[in-house]
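S.K.: sharing a model prediction with you, sequence too.
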Amino acid sequence: MTKVFKILLFISLFHLTLFASGMKVITWEFANEPPTSFEKDGEYVGFGIEIIKNIQSKMPQYKHQLRMAGNYKRLAKEVRDGSLTCAINLFKTKHRLEYMHFSKVPMFSSFDLQIVLRKSTFDDLGKPEKISLKQLLDMKNLKFGTSIGRTYSKNIRNILKEYEGSTNIFSYAQSNVASSLLKMLVRNRFDYMFLYPEEAFYLSKNIDKANELVTVPIKEIGSFSHTWAVCSKNEDGKIVASEITNILQELRKEKKYMNYYVNVISDNLHEYYREHFQNTFLEIYED
């Protein structure tokens, strides 16, 4: 290697170092929420992490770092206080709009809370696309299992209050309640319970006969929720949120993007979800 070439190489590396040191850093926050985003064997995994990495690959003008915030309360605080902090999977609220820039298109579309039941019960009910919680609770031959202390939406709380004291409602308080309840459901200790479909999929992976479980939307509540990417409420955050919007508009058209969620829900929901994704989710754009 000639002396001149070494000098030119050194100058080039020096300029690259200067350029890199001047790059702005985006800290990407995410909650511990399998199968969307979580830590496994010392690595951050989940389809939410895959999407973050896809976005990062299209933003080479920034440095990127990942950080697990644990829960959404902590995550929201980090976005609010960070100089350039972005996060995934947040619901849009009036309060959050005060201290976050939101992407103009949603990042995820997922089912709301659903009824989990055995396939045999699902078949006996006529394989419904949706189930009325009130009608289920009126069926005294079917037992409902729930966990003490877990909170639900106002609509669900009101229905449960209406049926408070019913002999077919059983409440449990124990560690790893959701996972324990699924095991009890498979063993016929009761007939149905509440979970989000992706939550049921993840928790049931290590349960025998998990393939015998089905989740079904609840008639009394909305079928879908949409969550968004957000960034700090400053000029840098505004610019990055706009760039994320443009990237998401391209990424979401890919079949694999829709299949991230399809792959973690029961078969009976696939067509229902695909129709919503194509006809509703991809059309949402909010300034």
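M.R.: Good, I have the coordinates.
S.K.: make it CA atoms for all contacts and neighbour counts henceforth
M.R.: Fine.
S.K.: for burial, what's the neighbour tally of Asn268?
M.R.: Neighbour count for Asn268, taken as other CA atoms under 10 Å: 14.
S.K.: geometric centre of the protein: which residue is closest?
M.R.: Thr36 (5.2 Å; CA atoms, centre = their mean).
S.K.: thought it was touching Glu50?
M.R.: No - using CA atoms under 8 Å, Thr36 makes no contact with Glu50, being 9.2 Å away.
S.K.: follow-up on the earlier one: confidence score at the residue nearest to the centre of the chain?
M.R.: pLDDT, Thr36: 93.
S.K.: same question, Ser12
M.R.: pLDDT at Ser12 comes out at 51.
S.K.: now swap in Ile207 and tell me
M.R.: 80.
S.K.: can you mark which positions in stretch 278-287 are buried?
M.R.: 281-282 (16 or more other CA atoms under 10 Å).
S.K.: tell me the mean pLDDT for that stretch?
M.R.: 96.
S.K.: and the contacts of that stretch?
M.R.: 104-106, 109, 252-253 (CA atoms under 8 Å, 6 or more residues apart in numbering).
S.K.: and Val116, how many residues sit next to it?
M.R.: 22.
S.K.: ok, Asn32 next?
M.R.: Other residues close to Asn32 by other CA under 10 Å number 15.
S.K.: that one and Arg74 touch, don't they?
M.R.: No - between Asn32 and Arg74 there is no contact under CA under 8 Å: 11.0 Å.
S.K.: tell me the confidence at Lys73?
M.R.: For Lys73, pLDDT reads 88.
S.K.: next, give phi and psi for Leu195.
M.R.: phi -160, psi 160 (degrees, to the nearest 10).
S.K.: same thing with the one 5 residues further on?
M.R.: With angles defined as degrees, to the nearest 10, Ala200 sits at phi -60, psi -40.
S.K.: next: Ile26.
M.R.: phi -100, psi 120.
S.K.: that one - how many residues pack around it?
M.R.: Ile26: 23 neighbours (other CA under 10 Å).
S.K.: so who does the nearest residue to it once chain neighbours are set aside touch?
M.R.: Excluding its sequence neighbours, the residue lying closest to Ile26 (CA to CA, 6 or more residues apart in numbering) is His64, at 5.0 Å. When contacts are counted by CA under 8 Å, 6+ apart, His64 touches 25-28, 56.
S.K.: present those residues as a markdown table; the columns should include secondary structure.
M.R.: Formatted as a markdown table, the contacts of His64 follow (DSSP: H, G, I helix; E, B strand; the rest coil):
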| residue | secondary structure |
| --- | --- |
| Val25 | strand |
| Ile26 | strand |
| Thr27 | strand |
| Trp28 | strand |
| Gln56 | helix |
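S.K.: can you redo those as JSON lines with pLDDT and distance to Arg80?
M.R.: Output for these, formatted as JSON lines (pLDDT from 0 to 100; distance: CA to CA, whole Å):
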{"residue": "Val25", "pLDDT": "96", "distance to Arg80": "16"}
{"residue": "Ile26", "pLDDT": "97", "distance to Arg80": "14"}
{"residue": "Thr27", "pLDDT": "97", "distance to Arg80": "12"}
{"residue": "Trp28", "pLDDT": "97", "distance to Arg80": "13"}
{"residue": "Gln56", "pLDDT": "97", "distance to Arg80": "21"}
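S.K.: just the buried positions in stretch 125-139, please.
M.R.: Per 16+ other CA under 10 Å, stretch 125-139 contains these buried residues: 131-134, 136-137.
S.K.: roughly how far apart are Thr167 and Met139?
M.R.: 11 Å (CA to CA, to the nearest Å).
S.K.: revised request: answer the last question for Ser103.
M.R.: Ser103 is 44 Å from Met139, by CA to CA.
S.K.: how about Gln65?
M.R.: Gln65 is 51 Å from Met139, by CA to CA.
S.K.: go on, Tyr99?
M.R.: Distance from Tyr99 to Met139, by CA to CA: 46 Å.
S.K.: understood, closing this out.
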